[in-house]
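**Student:** sequence? don't have it. structure:
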């Protein structure tokens, strides 16, 4: 499985945008980029995913570099509830790997009031 | 939908005892995953099933661990005998089309 590199931790101020980077220089053409987050004492939850084009949903935006070797998760307006560990994961979408996700260490986001 | 349901939420047992963790995936989902989370090793994929068939169990730490999925609505992860180093949070997750994983709330296992 191709690997991702994320900063261990980041800080943000409440109500400001947050840009969480992820490097994945060994990504293959069939790898999707997924983002999950884990709030304290909870299981991980899906945030967003994409393949080549930028993606937006109600939670966040995903900006994917043109060469796909990096991506950025954008939280447009951080709230205290967004304090969590954010995981950037690559997933091969072959038939024998349906949904299989290998989690790294992630980025711990701290949001200050 | 109730989401992925795991039981028990907390389990405290003594070394050497058998432990069984249970998971009910979201109805209609055809893939189920068992993960383990510790501070030292983070989230580790233990095993996953597709249409009730184990596809990849390479993450199962040793023979003391076994997992079954007798039908589409139920799975178990068993540890026999349990050891203190098995203490962790165990998560079950399911997906229907491989797009999003839905995780349960986890089982906090403490082996004394």
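**Tutor:** Received, thanks. What you see is a predicted model, and the numbers here were worked out from it, not measured in a lab.
**Student:** what sits against the residue in chain B positioned nearest to chain A?
**Tutor:** Minimum separation of chain B from chain A (CB to the nearest CB) falls at residue B:103, amounting to 3.2 Å. (Glycine included, C-beta is placed from N, CA and C.) Neighbouring residues of residue B:103 by CB atoms under 8 Å, 6 or more residues apart in numbering or on different chains: A:43, A:44, A:45, B:4, B:35, B:91, B:92, B:93.
**Student:** Output the residues you listed in CSV; the columns should cover neighbour count.
**Tutor:** Listed next are the contacts of residue B:103 as CSV, based on neighbours: other CB atoms under 10 Å in any protein chain shown:
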residue, neighbour count
A:43, 23
A:44, 26
A:45, 15
B:4, 24
B:35, 26
B:91, 27
B:92, 28
B:93, 26
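**Student:** of all these, which comes closest to residue A:8?
**Tutor:** residue A:44 (17.4 Å; CB to CB).
**Student:** And for residue 3, the neighbour number?
**Tutor:** No chain in the question, so chain A it is. 13 (other CB atoms under 10 Å in any protein chain shown).
**Student:** hmm, I had chain B in mind actually
**Tutor:** For residue B:3, using other CB under 10 Å, the count is 14.
**Student:** and it, what element?
**Tutor:** Using DSSP states H and E, residue B:3 sits within no helix or strand.
**Student:** Would you confirm that it contacts residue B:94?
**Tutor:** No: counting by CB atoms under 8 Å, residue B:3 stays clear of residue B:94, with 9.2 Å between them.
**Student:** Show me whatever sits in contact with both of the two.
**Tutor:** Going by CB under 8 Å, 6+ apart, residues that sit against residue B:3 and also against residue B:94 are B:26, B:102.
**Student:** hey, where'd the strands end up in the chain?
**Tutor:** No chain specified, so I'll use chain A. A:9-13, A:18-23, A:31-38, A:45-50, A:55-56, A:61-64, A:70-75, A:84-92, A:107-112 (DSSP state E).
**Student:** that's the wrong chain, I meant chain B
**Tutor:** Taking DSSP E as the criterion, chain B carries its strands at B:5-7, B:10-13, B:19-24, B:31-38, B:42-50, B:53-56, B:65-71, B:74-79, B:88-95, B:102-103, B:107-111.
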